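>>> Let's see this in three dimensions:
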Amino acid sequence: QVQLVESGGGLVQPGGSLRLSCAASETIFSGYALGWYRQAPGKQRELVAGISNYGRTRNYSDAVKGRFSISRDNAKLTAYLQMNSLKPEDTAVYYCNVALRSASLATPTGSWGQGTQVTVAS
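Numbering: from 1, shown residues only. Below is the predicted model of the structure:
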C-alpha cells in the first residue's frame with residue numbers, strides 16, 4: 001500500500017499562495033491517480049483536485065477551480081498542489097491519497113497520512 005506524506009502547509013493571508021507537496025513511498029506511484037483532499041473543522045473530508053497517473057487529466061472542485069493547480073513528478077515520487085488567491089474558507093487540513101483510476105478518487109485506496117494544516121487568516 002502506498003504511503004504518503006504531506007508537507008508545505010502554514011499560515012497565509014487572504015490572497016496569498018502556498019504550494020503543498022505529497023511524497024510517496026513506492027516506485028509504483030505512477031500506476032495511481034492522485035487526489036488532494038481537505039477537511040475543515042466540523043466538516044467531512046472533500047476531494048478538491050485530482051490528477052491521472054501520468055498527468056494527462058486534471059479535475060478540480062468548483063470551490064477551487066481557477067485558483068488551485070495540481071501536478072505530479074513521477075520520477076520524484078511527488079505530487080503538488082499550488083494554491084493561489086487563498087480564501088479563509090480554504091482553511092483546512094490537506095491530505096493526498098491515491099486510487100487506481102481518476103474516477104475512483106472519491107474512494108481512495110492508499111493510507112491516509114497526517115495531512116498538512118493550511119490556515120488562511122489576516
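>>> hey, let's count contacts and neighbours off CA atoms from now on
Noted.
>>> can you give me the strands for this protein?
Counting by DSSP state E, one finds strands in the chain at the ranges 4-7, 10-12, 18-24, 33-39, 46-51, 58-60, 68-73, 78-83, 92-99, 116-120.
>>> Those strands: which one's closest to residue 106?
Nearest of the strands of the chain to residue 106, taken as Cα to Cα: strand 46-51 at 6.8 Å.
>>> what residues does that closest one touch?
Defining contact as Cα atoms under 8 Å, 6 or more residues apart in numbering, one finds that strand 46-51 is touched by 33-39, 57-61, 63-64, 69-72, 102, 105-106.
>>> Just list the residues touching residue 80, thanks.
19-22, 70-72.
>>> Those residues: which two are farthest apart?
Farthest-apart pair in those is 19 and 72; separation 12.3 Å (Cα to Cα).
>>> Give me the more crowded residue out of these two.
Using other Cα atoms under 10 Å as the criterion, residue 19 and residue 72 rank with residue 72 on top: 21 against 16.
>>> was I right about the more buried one contacting residue 55?
Yes: at 6.7 Å, residue 72 counts as touching residue 55 under the criterion of Cα atoms under 8 Å.
>>> Chain neighbours aside, what residue packs nearest to the residue most central in space within the chain?
Residue closest to the average C-alpha location in the chain (Cα atoms, centre = their mean): residue 36, at 2.3 Å. Nearest in space to residue 36, with sequence neighbours left out and distances taken as Cα to Cα, 6 or more residues apart in numbering, is residue 96 at 4.4 Å.
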